[in-house]
Structures are given as structure tokens and as C-alpha cells.
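Trainee: with the input below, show me the fold.
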Amino acid sequence: MARISNYIRDTSVQGNDKLLGSNSSGTTANFQVSDITKFLRDTNAAGVSGQLVYKFNAVGNQPGGFVGAFSSGYTFANLTSIKIHKIPNGSNSAVVEYLQSFINSDIILSDVDNLNNFGIYTVTSVTQDSNATDYYDVALIAKTGNNGTIVDEQFYSIILYAAANAGDKTFTHTQNASADSWTINHNLGKKPSVTVTTLATAAQVIGEVTYTNNNTLVVSFATAVSGIAHLN
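Mentor: The predicted model follows:
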């Protein structure tokens, strides 16, 4: 075999180009560039910070995989929960604490081979499965604009999502029926300030705000009122 320095330098890398090396058993083999890039996508071996990669398994659980109460072909728009292993595909490390950081945040779940297949969701809870303790149930609320379907045996990445123009989170609640107590499920992940205006005149109304938790609050009034609550 000639010295490496004697071979021509090819500066135009193509997906079907091949590299020479050894596989895990020590056998000399060639590796196609497109196969190497697929391996990097499927395992996040390139080390993209904050990205978790999982393989969807329509039947059964396995390390590095995620499942759900749905089958292959289920749309991203209708997804309400997934069950994921504590260790992502291609990794040896558990990410339990990192998964907990998703609560009350938005994530994007996308096909690693086709980014046009994706879903954006607000994570409302991350709970350890009581029967299969290596798995965690992630409850989701789908946001608008989700596209495509989930395919069996395909790899998907999960990352925290923040829109480029995102500012402070806000929420508007419209109360059409007059009531002296409004329960508002806003899912903002915080205790927001609340301003209430009437439907008829847009005049501000003062109410007592009680925060049930970071996603729900109750506004109480002296008399029944209809109107709009502006949360920020």
C-alpha cells in the first residue's frame, strides 16, 4: 500500500465516498461517508449540546428508545405523551435530571433524517414509570404548526425549544359566562401578573388572585363578572 501522502487529496466530499478503517472486530473495511453521518445523527455522537436522540419502537421498550400509546403513522399534532428511556440512544449516561428540566418548558421532537417531520410541545410533567423504572412518562401539550407522522424504527431528537422572537410568556383568558370565581389554566410555568378587563367596556376590574401552582390560578371577585384576564 502506498503512503497516504502519495494519494491525491479530494476536497469535494460526497455521501458515497468511502473511508478505510477497522470495524470493532478488527477487520479492515471501508465506510461510506453517508453511513457515518447517519450514525452521528442517530446517536448524537458529534456531541450537540442539549440534544437527546431516541429510536421510536412501536412495540415494547428498549434502552435508547421511546414509545407511546400509539402506533407508527401517528401524527405529531395529536401526540399527548411519550415514554422515554433514561439513557438516550448511543449514550452510556442517564439524563434523569436533565429530563426534569423540561417541565413547564417547550421542546421540539423532530425526525433526524427529515426535519420537516416535527412537533413542538409544552412539557407538563416528567414522571418515572412505576413498573419500568428506567423509563419516564413525559406529558405533552401540542402547540400549533406541527407536521408529519411518527415512523417505527426511526430516530428522533429532543431539544429545548425557544422561538427566535420569543419574549416573556403571556396568556389571555376570556370568560364569557359571568362568574365570581375564574379558574385559569395558563401553563406558563410561573406565577404571572393578572389584569382583568370587562367584556362590555374594557374597564379594569380588581379581583383577588390565588396561585394554585405555576400553571394554574384562580381570580375571585366580589360579584359575578365576565371579561378578559391578561396574564404576563
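Trainee: what is the least confident helix or strand in this structure?
Mentor: helix 33-43 (a mean of 63; mean pLDDT, DSSP states H and E).
Trainee: what's the next secondary structure element after it?
Mentor: Moving toward the C-terminus from helix 33-43, the next helix or strand (DSSP states H and E) is strand 52-56.
Trainee: next one: that following strand to chain centre, how far?
Mentor: 11 Å (Cα atoms, centre = their mean, to the nearest Å).
Trainee: what packs against it?
Mentor: Secondary-structure packing of strand 52-56 (3 or more Cβ pairs under 8 Å, 6 or more residues apart in numbering; DSSP states H and E): helix 33-43, strand 65-67, strand 81-85, strand 155-160. Placement of C-beta: from N, CA and C, glycine included.
Trainee: quick one: low-confidence parts of this structure?
Mentor: Scanning the chain for pLDDT under 70 picks out the ranges 1-6, 13, 33-50, 59-64, 68-69, 162-168.
Trainee: shouldn't residue 181 be in contact with residue 219?
Mentor: Yes. Between residue 181 and residue 219 there is a contact at 7.3 Å, judged by Cβ atoms under 8 Å.
Trainee: of these two, who's got more company?
Mentor: The neighbour comparison of residue 181 against residue 219 (other Cβ atoms under 10 Å) goes to residue 219, with 24 against 12.
Trainee: nearest residue to the middle of this structure?
Mentor: Centre of the chain computed as the mean C-alpha position; nearest residue by Cα atoms, centre = their mean is residue 107, 2.9 Å away.
Trainee: by contact count, what packs against the one helix or strand it maps to?
Mentor: Assessed by DSSP H and E, residue 107 sits inside strand 106-111. Counting contacts by 3+ Cβ pairs under 8 Å, 6+ apart, strand 106-111 is packed against strand 118-128, strand 155-160.
Trainee: check which helices and strands the next helix or strand after the longest one sits against.
Mentor: The one in question is strand 118-128. Following strand 118-128 in sequence order, the next helix or strand is strand 135-142 (DSSP H and E). Contact partners of strand 135-142 among helices and strands, from 3+ Cβ pairs under 8 Å, 6+ apart: strand 81-85, helix 96-100, strand 118-128.
Trainee: tabulate the ones you listed (TSV), appending mean neighbour count and distance to residue 159.
Mentor: TSV is the format used below for those (neighbours: other Cβ atoms under 10 Å; distance: least, Cβ to Cβ, whole Å):
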stretch	mean neighbour count	distance to residue 159
strand 81-85	22	13
helix 96-100	13	11
strand 118-128	19	11
